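Undergrad: Here is a sequence with its predicted model. Questions after.
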Amino acid sequence: KQEVTQIPAALSVPEGENLVLNCSFTDSAIYNLQWFRQDPGKGLTSLLLIQSSQREQTSGRLNASLDKSSGRSTLYIAASQPGDSATYLCTGQNFVFGPGTRLSVLP
Amino acid sequence: DAGVTQSPTHLIKTRGQQVTLRCSPKSGHDTVSWYQQALGQGPQFIFQYYEEEERQRGNFPDRFSGHQFPNYSSELNVNALLLGDSALYLCASSQSGKLYEQYFGPGTRLTVT
């Protein structure tokens, strides 16, 4: 049974810091991975998608990488802003989500 | 280009009642997946519909059922509601050739009293 772990569970940082969020799958056969953000009580907004032929994706201040040999992904957020405060979730191609990382960026 | 839409936004039901939630996929998408998200947890996969049939199902009882219409929109039905069914219900759409790329709607908040 696939399980997804996200570390840390919660993070509170001052504005401007660079951040690393981690996601790992018990079954390392992850070929496609998607990162989302979720604001309280809202739906999920797609941030980055890493497809089977890719190892990483970048969008603005966000960069995500996937190590397919270990089933681990990292989301890097550069120069964090208060607007980045949200819960960050990851999922693979089998629709199993992690519990999320709650991020709070303080002004 | 309309994204994924869900209705209603909020719903309050009593234990034992039945509820129907609705979802319209993003334009160009033909596959709809439903998720249940309890407070403070990640979404849990309920089932997925493609070509008007249930293609995959998560670990949810038969009280949870669904339907997909020819225009690809979908309904989630829950019978004999329990207090534990209170959650945010999320709909996601994708293309059949790229199921791993999902787009989510805003969700329906169901409260069972």
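TA: Yes, it's here.

Undergrad: and B:Ser74, how many neighbours does it have?
TA: 25 (other C-beta atoms under 10 Å in any protein chain shown). C-betas here are computed from N, CA, C, even on glycine.

Undergrad: Can you list the residue ranges for strands in the chain?
TA: All of this is about chain A. Residue ranges of the strands in chain A, as given by DSSP state E, are A:4-7, A:10-14, A:19-25, A:33-38, A:44-50, A:56-59, A:62-67, A:72-77, A:86-91, A:101-106.

Undergrad: let's do chain B instead
TA: Per DSSP E, chain B carries strands over the ranges B:5-7, B:10-13, B:19-24, B:31-37, B:44-50, B:53-57, B:64-68, B:74-78, B:87-95, B:98-104, B:108-112.

Undergrad: Mind listing what's buried along the helix or strand of chain B with the lowest mean pLDDT?
TA: Ranking every helix and strand in chain B by mean pLDDT, DSSP states H and E puts strand B:98-104 at the bottom, with a mean of 91. Across strand B:98-104, burial judged by 16 or more other C-beta atoms under 10 Å in any protein chain shown covers B:99-104.

Undergrad: That strand and chain A in contact?
TA: Yes. Looking at strand B:98-104 against chain A by C-beta under 8 Å from any C-beta of the partner chain, the contacts come from B:99-104.

Undergrad: least reliable of the strands of chain B going by mean pLDDT?
TA: Least confidently modelled of those is strand B:98-104, at a mean of 91 by mean pLDDT.

Undergrad: what's in contact with that one?
TA: A:31-34, A:36, A:43-46, A:49, A:51, A:91-93, B:3-4, B:26, B:29, B:31, B:33, B:48, B:90-95 (C-beta atoms under 8 Å, 6 or more residues apart in numbering or on different chains).

Undergrad: Quick one, which of the residues you listed are buried?
TA: Judged by 16+ other C-beta under 10 Å, buried ones among the contacts of strand B:98-104: A:32-34, A:36, A:43-44, A:49, A:91-93, B:4, B:26, B:29, B:31, B:33, B:48, B:90-94.

Undergrad: Just the endpoints, please. Distance across stretch A:25-33?
TA: Taking C-alpha to C-alpha, to the nearest Å, stretch A:25-33 runs 11 Å from one end to the other.

Undergrad: In CSV, could you pull the C-alpha coordinates for stretch B:57-71?
TA: The C-alpha coordinates for stretch B:57-71 follow below in CSV (Å, rounded to 0.1, in the frame of the first residue of the first chain):
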residue,chain,number,x,y,z
ARG,B,57,-11.9,3.0,-6.4
GLY,B,58,-10.2,3.8,-3.1
ASN,B,59,-11.0,2.2,0.3
PHE,B,60,-14.5,3.6,0.7
PRO,B,61,-17.7,1.7,1.5
ASP,B,62,-20.5,1.1,-1.0
ARG,B,63,-22.4,4.0,0.6
PHE,B,64,-20.3,6.2,-1.6
SER,B,65,-21.4,5.9,-5.2
GLY,B,66,-21.1,8.1,-8.3
HIS,B,67,-22.1,8.8,-11.8
GLN,B,68,-20.7,10.4,-14.9
PHE,B,69,-22.8,12.0,-17.6
PRO,B,70,-22.2,12.1,-21.3
ASN,B,71,-21.0,15.7,-21.0
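
Undergrad: Name the residues of it that come out as buried.
TA: For stretch B:57-71, by 16+ other C-beta under 10 Å, it's B:58, B:64-66, B:68.

Undergrad: near chain A, from those?
TA: Answer for these near chain A (C-beta under 8 Å from any C-beta): B:Gly58.
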